[in-house]
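1. Dropping the sequence and predicted coords here.
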Amino acid sequence: MMAREWGWWTEQKLDILSGYLTGFANATRKAGTTVYLDLFAGQPDNVSREPTRHMIRGSARRALDTSPPFSVLKFFEMPGHATALEKNLQAEYPGRDFRVIPGDCNDEVESVLQGLRPLNWAPTFAFLDQQSTEVKWATLEHLARFKRQGKPKAELWLLCASGLLPRGLRLRQELIDDNVACQMSLMFGTDQWQEALSATRSGRLSATEFRAELTNLMRWRLQKDLGYKVTRVFKVKNTSGSEIFDMIFATDHEVGDKIMKWMYSKAQKQQGALQDRARRQRQQKREEEQGKFGLFNAEDALPVMPTGFDVHAADEPAHPPYRASRTS
């Protein structure tokens, strides 16, 4: 199986995951039992598409590497990749209590959570690293309602592809892609997002505002419809600086919120340096292909990464979703 290629922004996302899971595991140490759910666990091997071509450890390995260790881990993956993933993980982590569940996570999550019912008191973290609109709102409902009454909900970290969906919809063409629109409504659990779409197609909202409204709608529904106390968002950008997707964190616990806020602040301050490194590496590769060799490697010219992180960095709260009737 060929290794999947990932950009530096995906590696940064996974670094945030690693950092947060360490904080989560330490904060919940006294509980004695913790649960990790990865609804899009991926394939065993991944490689950077940057000129370095280095291997990148995926989310399943990062969860298994977390210390203190998670007690129970469930990895969901489609059958074509699930067998290879399980084989690789069993060889690398013998004796660990994990399971790779083959199949669509939307079809399998309810039965898996039912099997975990005796642990519905335990601190639980769910990573939903979809590509576009693979997760369904019903799946988010199952996760949000898994925990016993009086216990904090399972924390969610969800990829919201706000920067990519307008292209998938064919936003500026005469007819939108109905299949993408249907999948979006299943993901949001409502077709309310189409009010913002209509406003964008008529010029009342910009494309940037439309992307922001998609992310906001997901945050708003997680809070108002599923009852999460707080959501936070991290905007993921590519080498050119374009926003490609947002990572939405939902939690009921103030400690989890504080840890992720710190991780987001750290990642935000690193993002510019990572973009600059990628640009320099690509430029160096182009020059070397033309027979031009400089005195220094791209790595040598990098700015120093910041060491002081602002844990009080501002984060705009979710607001009521866009409605045409409210702005007409």
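-> Thanks, I have the structure now.
2. Please make it C-alpha for all contacts and neighbour counts, starting now.
-> OK.
3. and Ala126, what is it in contact with?
-> Applying Cα atoms under 8 Å, 6 or more residues apart in numbering, we find Ala126 in contact with Tyr36, Leu37, Asp38, Leu39, Leu143, Ala154, Glu155, Leu156, Trp157.
4. How about the backbone phi and psi for it?
-> Reported as degrees, to the nearest 10, the phi and psi values for Ala126 are phi -120, psi 130.
5. Show the model's pLDDT score for it.
-> pLDDT for Ala126: 98.
6. Ok, the one 10 residues further on next?
-> On the pLDDT scale, Lys136 is placed at 98.
7. ok now do it, which residues does it touch?
-> Residues near Lys136 by Cα under 8 Å, 6+ apart: Asn106, Leu186, Met187, Phe188, Gly189.
8. Apply 6 Å and report the result again.
-> Under the criterion of Cα atoms under 6 Å, 6 or more residues apart in numbering, the contact list for Lys136 reads Leu186, Met187.
9. Which parts of the chain are helices?
-> With DSSP state H as the criterion, the chain has helices at 8-27, 59-65, 79-92, 105-115, 137-144, 165-169, 178-188, 193-201, 207-224, 254-289, 324-327.
10. Pro123 is nearest to which of these?
-> Nearest of these to Pro123, taken as Cα to Cα: helix 8-27 at 8.8 Å.
11. Now the closest one: buried residues?
-> 8-25 (16 or more other Cα atoms under 10 Å).
12. Check stretch 53-63 too.
-> Residues of stretch 53-63 classed as buried by neighbour count (16+ other Cα under 10 Å): Ile56, Gly58, Ser59, Ala60, Arg61, Arg62, Ala63.
13. and if you look at stretch 112-126?
-> Leu113, Leu116, Leu119, Asn120, Trp121, Ala122, Pro123, Thr124, Phe125, Ala126.
14. Among those residues, find me the one that's closest to Asn88.
-> The closest of the buried residues of stretch 112-126 to Asn88 turns out to be Ala126 (Cα to Cα; 21.6 Å).
15. in the sheet, who's paired with the closest residue to that closest one other than its chain neighbours?
-> In this structure, Ala126 finds its nearest non-sequential neighbour in Leu37, 4.5 Å apart by Cα to Cα, 6 or more residues apart in numbering. In this entry, Leu37 is beta-bridged to Lys74, Ala126, by DSSP bridges.
16. give me the number of residues near Leu37?
-> By other Cα atoms under 10 Å, the residues close to Leu37 number 26.
17. Let me see the contact set for Pro44.
-> Contacts of Pro44 (Cα under 6 Å, 6+ apart): Leu85.
18. one more time with 8 Å, if that's ok
-> Each residue near Pro44 by Cα under 8 Å, 6+ apart is listed here: Ala3, Gly58, Ala84, Leu85, Asn88, Leu89.
19. What separation do you get for it and Ala91?
-> For Pro44, the distance to Ala91 equals 11 Å [Cα to Cα, to the nearest Å].
20. again, but for Gly189
-> Counting by Cα to Cα - Gly189 and Ala91 are separated by 39 Å.
21. and if you look at Glu174?
-> Going from Glu174 to Ala91 by Cα to Cα gives 52 Å.
22. returning to what we had before: any idea which of the helices of the chain gets closest to Leu73?
-> Shortest distance between Leu73 and the helices of the chain, using Cα to Cα, is found for helix 59-65: 8.0 Å.
23. Centre of the chain to the closest one, how far?
-> Put simply, helix 59-65 sits 15 Å off its chain's centre (Cα atoms, centre = their mean, to the nearest Å).
24. So that it lines up with my notes, have the first residue be 39 from now on.
-> Fine by me, first position is 39 from now on; the one you just mentioned is helix 97-103.
25. Kindly spell out which helices and strands sit in contact with that helix.
-> helix 46-65, strand 73-76 (3 or more Cα pairs under 8 Å, 6 or more residues apart in numbering; DSSP states H and E).
26. Out of those, flag the one nearest His291.
-> Proximity to His291 (Cα to Cα) singles out helix 46-65 among the helices and strands packed on helix 97-103, at 10.8 Å.
27. tell me which strands and helices that closest one is in contact with?
-> For helix 46-65, the packing partners by 3+ Cα pairs under 8 Å, 6+ apart come out as helix 97-103, strand 268-275, helix 292-327.
28. I am finished for the moment; much appreciated.
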